[in-house]
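Peer 1: show me the folded form of this:
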Amino acid sequence: MSDVEDEKDNMSDASYEDDDASLIDDTDDNDSIAIEGDIDEAEIEYEDLEALEQKVQEQKKKTTIKTSVLNIEDEDMDNISVSSSVSDDSSDEEDDDEYVKRFEKIDAHMKQEHIENYHNTCVQKNYQEIATLSVVVRNERGEVVDPFHRTIPMLTKYERARILGQRAKQINNGASIFVKPHQETIDGYLIALQELEEKKLPFIIRRPLPNGISEYWKVKDLEYLHEIAY
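Peer 2: Sure thing, here's the model as predicted:
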C-alpha cells in the first residue's frame, strides 16, 4: 500500500511540476504577448507622432506659402495703387497741359483779333511788305491809279512837322545826310528842310484809314505846298 501511495504522491508531484511549468510557460507567453502588444502600441504611437509632425510641417509650409502669397498680393496691390496714382497724376498733368496749350492758343487768337479789329495801327509789317505797299502806280499824266493809294498825294502840315522834327533829331545825333548843305549849314533842321526840298528824305509815311487798313507813302511821292526857308 505504501508503494502505491508513494507512486501516487510522485505522480501528483510530477503533475504539479508539470502544472507549474505550464503555468510558467503560460505566464511567459502572456508576458511576451504583453510586451509585443506594448511594442506595437509604441510603434503605432511613434508613427502617429511622425504623421502628426509631417502634417504640422505641411500646415506650416502652407501657412508660409499663403502668407508669402498674401504679401506678394499686398505688394502687387500697393504697386498697382502706386502706379494707378502715378498714372492718374500724369493723366491729370497731361490734361492740364493740353488745357493750358488750348487756352494759350485761344487767348493768342483772341488777342490777335482784338488788335486787328480795334488797334490795327499797332500791327507792324516787315520792311519788304512796306516797301512793296509804298510803290505808287501812276498813269501817263502823272495821276495816281493805284488801288492801295486812295488819299490825296499831298503832304499835310502835320506830316511835314513830324518828319522834319524826327529827321532833324537824327541829323543832330550824327546820322548821315543825303544833301550838300548850303553855306556850311550845321543846323539839323535846315538840313532836313533841304532834304525835303530835294526829295531825298528817307521816310515812308503811314496813313491809317477808317476801314482798318493803312496806306504807305514815300515822302518823295508826295507834293507839298509849304514854303521852305533856309
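Peer 1: in the protein, which spans are helices?
Peer 2: Applying DSSP state H to the chain gives helices spanning 2-118, 127-133, 157-172, 188-197.
Peer 1: lowest average pLDDT across those helices?
Peer 2: Mean pLDDT across these is lowest at helix 2-118; the value there is a mean of 59.
Peer 1: hang on, I191 packs against F178?
Peer 2: No - counting by Cβ atoms under 8 Å, I191 does not reach F178; the two are 9.2 Å apart. Quick note: C-beta positions are derived from backbone N, CA and C, even for glycine.
Peer 1: quick one, which of the two is more surrounded?
Peer 2: Ranked by neighbour count (other Cβ atoms under 10 Å), I191 and F178 place I191 first, with 23 against 13.
Peer 1: got a list of what that one touches?
Peer 2: A168, I171, I177, V179, P181, T185 (Cβ atoms under 8 Å, 6 or more residues apart in numbering).
Peer 1: apply 10 Å and report the result again.
Peer 2: By Cβ atoms under 10 Å, 6 or more residues apart in numbering, the contact set of I191 is 167-168, 171-172, 175, 177-182, 185, 230.
Peer 1: which one of those is nearest to I205?
Peer 2: R167 (12.3 Å; Cβ to Cβ).
Peer 1: just give me the neighbour total for the nearest residue to the closest one once chain neighbours are set aside.
Peer 2: Using Cβ to Cβ, 6 or more residues apart in numbering and skipping the chain neighbours, the partner closest in space to R167 is A192 (3.9 Å). With neighbours defined by other Cβ under 10 Å, the count for A192 comes to 23.
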